[in-house]
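>>> Quick check, what structure comes out for this input:
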Amino acid sequence: MRMSGCLLALGLSFLFVGGCSEREPGGEGRMGQISGQILAPLEGATLYVYEEGMDMYGPACAVSRVTGPDGSFDLRLPDGDYIAVARKRRNGTTSGPVVAGDNKSEIISFTVAGGDQKLTLLAPLKIGDERRLTDQALATETGLSGRITDADGNPVEGARVHVYDHVQMSERPKYVSEKTGPDGRYLIYLPEGGTYYLAARDKFGGPPKLGDLYGRYDQGTIEPSAVVVRTKEIRPGVDITVTKVW
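Here you go, the predicted structure:
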């Protein structure tokens with residue numbers, strides 16, 4: 001077994017959710033047992049397991065149950081190479097960015113090759129990350145609101161608005177809205193006024209994939225259009241159209 005240099009501190013009791021490649025019994029069809037304890041111990045954490053090469057900002061192929069007081073976990077996985085990260089969000093959600101006050105481990109790599117294996121994990125408290133969801137931001141009286149629609153003008157439910165401070169929009173977003181409701185409307189608070197660039201999508205994390213809904217705020221230009229927000233202004237009508245990525 002190899003670990004990419006780091007323990008992970010999070011108490012986890014794994015739940016195999018069926019996303020990892022399943023194999024027939026015999027040959028490569030063996031299953032291995034992974035178990036251990038998250039040091040601290042850390043209660044209320046979740047471990048996300050991905051196959052090598054998967055996007056770690058997308059859905060995991062296996063997710064642990066939330067850990068109890070002793071921080072212990074166990075999980076059965078098919079033989080293979082995996083990477084994993086442990087997260088505990090203080091707001092109790094299971095998706096979205098990890099922000100200051102949350103716990104997150106370093107990424108570890110490990111190999112399942114039948115039999116029982118033990119992992120000892122450590123996930124420290126995250127400090128100083130500015131990215132946050134709307135309900136984690138103070139109501140600063142500064143922000144953006146608008147509507148997310150599809151190409152036919154219908155409201156899109158379950159989309160998030162990602163806010164960037166560079167036109168390239170290649171770094172992780174500085175702020176992320178809550179999901180839109182049935183009316184497609186969003187409201188996101190910002191700590192101060194400034195110039196921002198926006199994208200909307202129905203999946204969180206990583207580059208958009210085939211079939212995802214994605215769109216940038218623009219006004220008919222090749223580059224994303226800047227949105228200028230004044231401090232203590234909730235700028236309305238910042239609408240974004242999303243289409244399927246092909």
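
>>> residue ranges with poor pLDDT in the chain?
Applying pLDDT under 70 to the chain flags the ranges 1-19, 21-29, 38-40, 55, 57-58, 95-96, 127-140, 205-206.

>>> mind giving me the domain ranges of it?
In terms of domains, the chain is parsed into 12-121, 134-236 (source: automatic domain parsing).

>>> will you turn those into JSON lines that also has distance to residue 243?
In this view, the C-beta of every residue, glycine as well, is placed from N, C-alpha and C. Below are the domains of the chain laid out as JSON lines (distance: least, C-beta to C-beta, whole Å):
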{"stretch": "domain 12-121", "distance to residue 243": "19"}
{"stretch": "domain 134-236", "distance to residue 243": "5"}
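
>>> could those domains go into CSV alongside mean neighbour count?
Converted to CSV, these look like this (neighbours: other C-beta atoms under 10 Å):
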stretch, mean neighbour count
domain 12-121, 17
domain 134-236, 16
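
>>> Would you mind telling me which of these is nearest residue 246?
Residue 246 sits nearest to domain 134-236 of all the domains of the chain, at 6.5 Å, using C-beta to C-beta.

>>> okay, how far is it across stretch 53-61, tip to tip?
One end of stretch 53-61 to the other measures 12 Å (C-alpha to C-alpha, to the nearest Å).

>>> go on, stretch 36-43?
Rule used - C-alpha to C-alpha; the end-to-end distance of stretch 36-43 is 14 Å.

>>> Stretch 175-194 now?
Using C-alpha to C-alpha, the end-to-end distance of stretch 175-194 comes to 13 Å.

>>> Run the chain-centre distance for that stretch.
Distance, stretch centre to chain centre, for stretch 175-194: 17 Å (C-alpha atoms, centre = their mean, to the nearest Å).

>>> Just list whatever residues bridge to residue 36.
residue 73, residue 119 (DSSP bridges).

>>> I'd guessed it sits against residue 120; true?
Yes. If you go by C-beta atoms under 8 Å, residue 36 and residue 120 touch, sitting 5.6 Å apart.

>>> Can you give me the distance of residue 146 to residue 70?
As judged by C-beta to C-beta, to the nearest Å, residue 146 and residue 70 stand 46 Å apart.

>>> so what's the closest residue to residue 31 other than its chain neighbours up against?
For residue 31, ignoring the flanking residues on the chain, the nearest one in space by C-beta to C-beta, 6 or more residues apart in numbering is residue 76 at 5.0 Å. By C-beta atoms under 8 Å, 6 or more residues apart in numbering, the contact list for residue 76 reads 16, 31-34.

>>> swap in residue 52?
80-83, 109.

>>> one more time with 7 Å
Applying C-beta atoms under 7 Å, 6 or more residues apart in numbering, we find residue 52 in contact with 81-83.

>>> Can you tell me the element residue 65 falls in?
Assigned by DSSP states H and E, residue 65 falls within strand 62-66.

>>> just checking, what packs against that strand?
strand 12-15, strand 46-51, strand 72-78 (3 or more C-beta pairs under 7 Å, 6 or more residues apart in numbering; DSSP states H and E).

>>> That's all I had, so thanks and see you.
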